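Undergrad: one predicted model, sequence on top.
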Amino acid sequence: MKNIKLKKVFYIVATMFLGWLLSMIAHDCLEVWHINKLLAEDIIPLEYHFWIFSSYLPSSTKISLMFIGLIGGYLLGQRWWYLVYVKKWHWWRKK
């Protein structure tokens, strides 16, 4: 029983990490788009500083995307756990 709980915690943390990584990719793509848009309009982008991070998007955007990625990863991990380990639904086995 203890191994199953540890396995589930690892599974959820791994999908939360995946969600965080995807949110950072989304942030970077959004930042590149924003910088290109400003430069096309001959506006110099402003750099925002938050703690040790700097960005050309407001800090609230970076933090919001990070939390969306973490929460989305948690929900996705819970769903995948349910489908794979509770319902025994696997891609190689068709029902």
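TA: Now that the structure is in, tell me what you want to look at. Residues are numbered from 1 along each chain as shown.

Undergrad: wait, doesn't Met24 sit right on Leu70?
TA: No - Met24 is not in contact with Leu70 according to Cβ atoms under 8 Å; the separation is 11.1 Å. (Glycine included, C-beta is placed from N, CA and C.)

Undergrad: by contact count, what packs against the helix or strand containing His27?
TA: Assigned by DSSP states H and E, His27 belongs to helix 2-40. Packed against helix 2-40 by the contact rule (3 or more Cβ pairs under 8 Å, 6 or more residues apart in numbering; DSSP states H and E) you find helix 59-81.

Undergrad: next, the buried residues of the helix it packs on.
TA: 61-62, 65, 69-70, 72-73, 76-77, 81 (16 or more other Cβ atoms under 10 Å).

Undergrad: grab the CA positions of stretch 46-62 and hand them over as PDB.
TA: Extracted as PDB, the C-alpha positions of stretch 46-62 are listed here (Å, rounded to 0.1, in the frame of the first residue of the first chain):
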ATOM      1  CA  LEU A  46      10.600  47.400 -21.100                       C
ATOM      2  CA  GLU A  47      12.200  44.700 -19.000                       C
ATOM      3  CA  TYR A  48      10.400  43.700 -15.800                       C
ATOM      4  CA  HIS A  49      12.200  42.300 -12.800                       C
ATOM      5  CA  PHE A  50      10.800  40.000 -10.300                       C
ATOM      6  CA  TRP A  51      13.100  38.600  -7.600                       C
ATOM      7  CA  ILE A  52      15.900  37.000  -9.600                       C
ATOM      8  CA  PHE A  53      14.000  36.700 -12.800                       C
ATOM      9  CA  SER A  54      13.600  39.200 -15.600                       C
ATOM     10  CA  SER A  55      11.100  39.200 -18.400                       C
ATOM     11  CA  TYR A  56       9.700  41.500 -21.100                       C
ATOM     12  CA  LEU A  57       6.200  40.500 -20.000                       C
ATOM     13  CA  PRO A  58       4.700  41.700 -16.600                       C
ATOM     14  CA  SER A  59       5.600  39.500 -13.700                       C
ATOM     15  CA  SER A  60       2.000  38.700 -13.000                       C
ATOM     16  CA  THR A  61       1.900  37.000 -16.500                       C
ATOM     17  CA  LYS A  62       4.900  34.800 -15.700                       C
END
